[in-house]
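[1] Just the structure for this:
(chains A, B, C and D)
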There are 2 protein chains.
Amino acid sequence: MSAASATAEVSRSPASIAPSKPVPPPPRQQLRVAQDLFIRRWGEMGQTWGINRTMAEIHAFLYITGQPQCTDDVMGRLNISRGNSSMSLRALCDWGIIRRMHKRGERREYFESLGDVWEMFSIIAAERKRREMDPVLETIKQCQRMLEASEIGKVEARQEAVQITRQRLQGMEEFMSVTNKIFQQFIGNARSGLSRVTKVLLKALG
Amino acid sequence: MSAASATAEVSRSPASIAPSKPVPPPPRQQLRVAQDLFIRRWGEMGQTWGINRTMAEIHAFLYITGQPQCTDDVMGRLNISRGNSSMSLRALCDWGIIRRMHKRGERREYFESLGDVWEMFSIIAAERKRREMDPVLETIKQCQRMLEASEIGKVEARQEAVQITRQRLQGMEEFMSVTNKIFQQFIGNARSGLSRVTKVLLKALG
DNA sequence: CTATAGTTTCAGTAATAACTGAAACAAGGA
DNA sequence: TCCTTGTTTCAGTTATTACTGAAACTATAG
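    Okay, the predicted model is just below:
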């Protein structure tokens, strides 16, 4: 464990979410407390969006400290096992929202988060669109094909139940196509901080 | 179980995702097959977005058939228990994306899905923003307050680590504020199909 | 009031996902 | 070469979440 991890790790117990100020911690520790608060909330949010808590927490840790950290730093700060750290760090690298890096003269590897939230979001959006939305859109099209008159016959195609299902499929397809386009825009444009998308959106919406 | 549920229920085994056409089913059943395909995919997608599979499947069933269904219909079609159906239907009602309804002269209650995908999405967006994004934004602000010079002292506030964390918090806050605004727009406008937001977005981005 | 049909709840169980820890593996240094 | 330090993997375990089924409850009709 590196020197930086000497103090207590992030706690996940709900009790410590809103520390009721029994004794205000010495200023030196305020940074740590604030970071831990952020880390924990980020982990919770991840869970409800289908990202496991530990991965989200590791990412939050790297993001919020802004400094390269090694596997042992992560283990120590979040109080998780070596195996878990290693697997999760690898997965985050695969997503592309953290990067491996070397320090000159050091043997061990360090990890750091991308600093630009917009870039991270666009990477995640691209990946989730590909993994989760594209297959659904594909399935919808497949269903539509299955219900064409040429497949099921003219008489059957005229049944009310079939008509309704086709309408519903169409509504969903339209929605997902538009959503996909919006994602695409984020993905294509979200470089360089408060990016073009943001400006455009804020102007258009605000 | 109602008369409509006499045939086999949706299977969740991966094997049946892409039926390799051993014997093309009689046209009468094509509707059922197409619906089941959609239901299963929707359930899978739900899972990766933090919605449990059964709830997503029930919703998909009500949406895709477009007809009011009772608890027994749901149980039969998705092959789940009464308890599960009841709880999940209630939760979907609480979300507001399905509604209870009565048929004249019938004692039992029926459920139907909203038909407008945009409206459903806006309801979900509103709820998730409230439950999941607002608390994070609140936490970020709390963290920022904890790191103000007035809290930790001028000297400490000048430490590099503190500076970095404050920058990162600010970047995240900015991102989430904008995202929130976008959600807000969907929420406020997503009536009547391809809504104003969509048009605005597509025009601005495309 | 009693019988019947429908609805809800919840304790216990099953299924799934996450995590640990130890062992195997790699890379560099002496 | 062998030792040391750091990294990765994965079988087994734990924790979490989802689901069942039976019992309690409600409402209506006779």
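
[2] what about the helices in chain A?
    Assigned by DSSP state H, the helices in chain A fall at A:27-48, A:53-65, A:71-78, A:82-95, A:117-128, A:134-146, A:149-152, A:154-157, A:160-189, A:196-205.

[3] So which of those is nearest DNA strand D?
    Closest of those to DNA strand D is helix A:82-95, at 3.1 Å (criterion: C-beta to the nearest atom of the strand). C-beta here means a position set from N, CA and C on the backbone, and glycine is covered the same way.

[4] before we move on, back to that, with respect to the helices of chain A, which exhibits the lowest mean confidence?
    The minimum mean pLDDT among those belongs to helix A:196-205 (a mean of 65).

[5] hey, which of the helices of chain A is tucked in deepest?
    helix A:53-65 (a mean of 23; mean count of other C-beta atoms under 10 Å in any protein chain shown).

[6] and that one with DNA strand C, contact?
    Yes - against DNA strand C, helix A:53-65 shows contacts by C-beta under 7 Å from any atom of the strand at A:53-55.

[7] related to what we said a few turns ago, of the helices of chain A, give the one that comes closest to residue B:107.
    helix A:160-189 (24.4 Å; C-beta to C-beta).

[8] can I get the helices of chain A in JSON lines with distance to residue B:115?
    Output for these, formatted as JSON lines (distance: least, C-beta to C-beta, whole Å):
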{"stretch": "helix A:27-48", "distance to residue B:115": "27"}
{"stretch": "helix A:53-65", "distance to residue B:115": "35"}
{"stretch": "helix A:71-78", "distance to residue B:115": "45"}
{"stretch": "helix A:82-95", "distance to residue B:115": "36"}
{"stretch": "helix A:117-128", "distance to residue B:115": "26"}
{"stretch": "helix A:134-146", "distance to residue B:115": "16"}
{"stretch": "helix A:149-152", "distance to residue B:115": "23"}
{"stretch": "helix A:154-157", "distance to residue B:115": "21"}
{"stretch": "helix A:160-189", "distance to residue B:115": "7"}
{"stretch": "helix A:196-205", "distance to residue B:115": "26"}
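
[9] Pick out the residue nearest the middle of chain A.
    With distances taken as C-alpha atoms, centre = their mean, residue A:124 lies nearest the centre of chain A, 5.7 Å away.

[10] Quick one: residues contacting it.
    Residues near residue A:124 by C-beta atoms under 8 Å, 6 or more residues apart in numbering or on different chains: A:95, A:97.

[11] Repeat the analysis, applying 10 Å as the threshold.
    Residue A:124 makes contact with A:49, A:51, A:95-97, A:186-187 under the criterion C-beta atoms under 10 Å, 6 or more residues apart in numbering or on different chains.

[12] between the helices of chain A, which one is nearest to residue B:117?
    Of the helices of chain A, nearest to residue B:117 by C-beta to C-beta is helix A:160-189, at 4.1 Å.

[13] Report the closest residue of chain A relative to DNA strand C.
    Nearest to DNA strand C, among the residues of chain A, is residue A:83, at 1.8 Å (C-beta to the nearest atom of the strand).

[14] Please report how far that residue lies from residue B:165.
    Per C-beta to C-beta, to the nearest Å, residue A:83 is found 28 Å from residue B:165.

[15] Close to DNA strand D: what parts of chain A are there?
    A:47, A:70-72, A:82-83, A:86-87, A:89-90, A:107-109.

[16] Can you say which two of those are spatially most distant?
    A:47 and A:107 (34.8 Å).

[17] Contact residues of chain A facing DNA strand C?
    A:52-55, A:79-84, A:87-88, A:107.

[18] would you list those in TSV and tack on distance to residue A:43?
    Listed next are the residues of chain A next to DNA strand C as TSV, based on distance: C-beta to C-beta, whole Å:
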residue	distance to residue A:43
A:52	9
A:53	4
A:54	7
A:55	9
A:79	12
A:80	11
A:81	16
A:82	19
A:83	18
A:84	13
A:87	16
A:88	11
A:107	30
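
[19] With distance to chain B added, can I get the residues you listed in TSV?
    Output for those, formatted as TSV (distance: C-beta to the nearest C-beta, whole Å):
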residue	distance to chain B
A:52	11
A:53	12
A:54	16
A:55	14
A:79	20
A:80	21
A:81	25
A:82	25
A:83	24
A:84	21
A:87	19
A:88	17
A:107	24
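
[20] from those residues, which two are the most distant?
    A:53 and A:107 (30.4 Å).

[21] Can you tell me how far the closest residue to residue A:187 other than its chain neighbours is from residue A:114?
    Spatial nearest neighbour of residue A:187, chain neighbours left out: residue A:126 (4.4 Å); criterion: C-beta to C-beta, 6 or more residues apart in numbering or on different chains. Per C-beta to C-beta, residue A:126 is found 14 Å from residue A:114.

[22] intersection of neighbour lists for the two?
    Counting by C-beta under 10 Å, 6+ apart, the residues touching both residue A:126 and residue A:114 are residue A:96.

[23] now the residue of chain A most remote from its centre: how far from chain B?
    What lies farthest from the middle of chain A is residue A:155; by C-alpha atoms, centre = their mean that is 47.6 Å. According to C-beta to the nearest C-beta, to the nearest Å, residue A:155 stands 9 Å off from chain B.

[24] Hmm, residue A:75 is touching residue A:86, no?
    Yes - between residue A:75 and residue A:86 there is a contact under C-beta atoms under 10 Å: 9.2 Å.

[25] need the contact list for the residue nearest to residue A:187.
    A:96, A:183-184, A:186-188, A:190.

[26] For residue A:99, name its beta-bridge partners.
    residue A:112 (DSSP bridges).

[27] Can you get me a residue count around it?
    As a burial measure, residue A:99 scores 14 neighbours (other C-beta atoms under 10 Å in any protein chain shown).

[28] residues touching it, list them.
    Neighbours of residue A:99 in contact, by C-beta under 10 Å, 6+ apart: A:62, A:68, A:92-93, A:110-114.

[29] again, but for residue A:145
    A:151, B:34.

[30] Tell me how far it lies from residue B:116.
    24 Å.

[31] Residue A:104 is in contact with residue A:68, correct?
    No - counting by C-beta under 10 Å, residue A:68 stays clear of residue A:104, with 11.9 Å between them.

[32] wait, isn't residue A:135 in contact with residue B:44?
    Yes - counting by C-beta under 10 Å, residue A:135 does reach residue B:44; the two are 8.1 Å apart.
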